[in-house]
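Asks: Need a 3D model of the sequence below.
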Amino acid sequence: MENILTQTTARPQATTEAARAAASQPVIQLRDIEKVYQTKTIETVALNRVNLTINKGEFVSIMGPSGCGKSTLLSIMGLLDEPTGGTIALDGRPVQSYSDKELASLRNHKIGFVFQSYHLINDLSVLDNVELPLLYRPGVGGKERRERAYAALEKVGLGARTNHFPSQLSGGQRQRVAIARALAGRPEIILADEPTGNLDSVMGEEIMDLLLGLNRQEGTTIVMVTHDEQQALKTQRLIRFFDGSQVS
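Replies: Numbers count the residues shown, from 1 in each chain. Okay, here's the model as predicted:
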């Protein structure tokens, strides 16, 4: 494998007072979050009074049975969806106080998304797929976009695959492209929804090692939804959900 990030399986430890202080800074705070979906005849409670704090530099995994609200929670954290009730704060500032323009900027600059299904465009090269979100980043010109995309692909070990198309890659490689696309935006937070769900065990380990390396070496805050208990136990904190409620 090319220059993919290296890491160990031990859980990360803060080694300095500065690191410990940084790790205690809340970056995402959810208070009494509720999400209710209503039709004319049915009311479905997806999230029920969830209280959760994610600290800077944490790697947190979220587990629970299908339909328990995990992906809904991730969408609310990523400002892709709004709760029915409760409050969200990023870096201590309530999301409700942001304008629509500021919220769009937060999603574009602060948060990177990685999905189970990759969401790559088959007609674009690997490099173009990674560059694409930066087209909507004000102040980032063509040269910088290309440099960021190259750097991100090098970081995930795909520097030699820039001119390939998604159909020419394995599932693990496509997921690494998706991670590179998130990294090109230099986010402080990565929200990953079942990033190993479509992969076999070997490729799943490869992607998990990459995410662990980003967290430990880059200090990236990561929240990951997963069904894989072995992968979840490698993270710093495991949160379990059942029927829309946090149970541990």
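
Asks: And stretch 180-191, what's buried?
Replies: Using 16 or more other CB atoms under 10 Å as the burial criterion, the residues of stretch 180-191 that qualify are 180-191. Just so you know, the C-beta spots here come from the backbone N, C-alpha and C atoms, and that holds for glycine as well.

Asks: go on, stretch 210-221?
Replies: Quick answer for stretch 210-221 (16+ other CB under 10 Å): 210-216, 218, 220-221.

Asks: got the residues you listed as JSON lines, with secondary structure and pLDDT columns?
Replies: Shown next, in JSON lines, are these (DSSP: H, G, I helix; E, B strand; the rest coil; pLDDT from 0 to 100):
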{"residue": "210", "secondary structure": "helix", "pLDDT": "89"}
{"residue": "211", "secondary structure": "helix", "pLDDT": "92"}
{"residue": "212", "secondary structure": "helix", "pLDDT": "94"}
{"residue": "213", "secondary structure": "helix", "pLDDT": "92"}
{"residue": "214", "secondary structure": "helix", "pLDDT": "91"}
{"residue": "215", "secondary structure": "helix", "pLDDT": "94"}
{"residue": "216", "secondary structure": "helix", "pLDDT": "93"}
{"residue": "218", "secondary structure": "helix", "pLDDT": "87"}
{"residue": "220", "secondary structure": "coil", "pLDDT": "94"}
{"residue": "221", "secondary structure": "strand", "pLDDT": "96"}
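
Asks: would you turn those residues into TSV with distance to residue 241?
Replies: TSV is the format used below for these (distance: CB to CB, whole Å):
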residue	distance to residue 241
210	25
211	20
212	22
213	27
214	24
215	21
216	26
218	27
220	23
221	19
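
Asks: what about the residue positioned nearest the centre of the chain, helix or strand, and which?
Replies: Central residue of the chain (CA atoms, centre = their mean): residue 191, 1.8 Å from the mean position. Taking DSSP states H and E as the criterion, residue 191 maps to strand 189-193.

Asks: swap in residue 41?
Replies: Going by DSSP H and E, residue 41 is not in any helix or strand.
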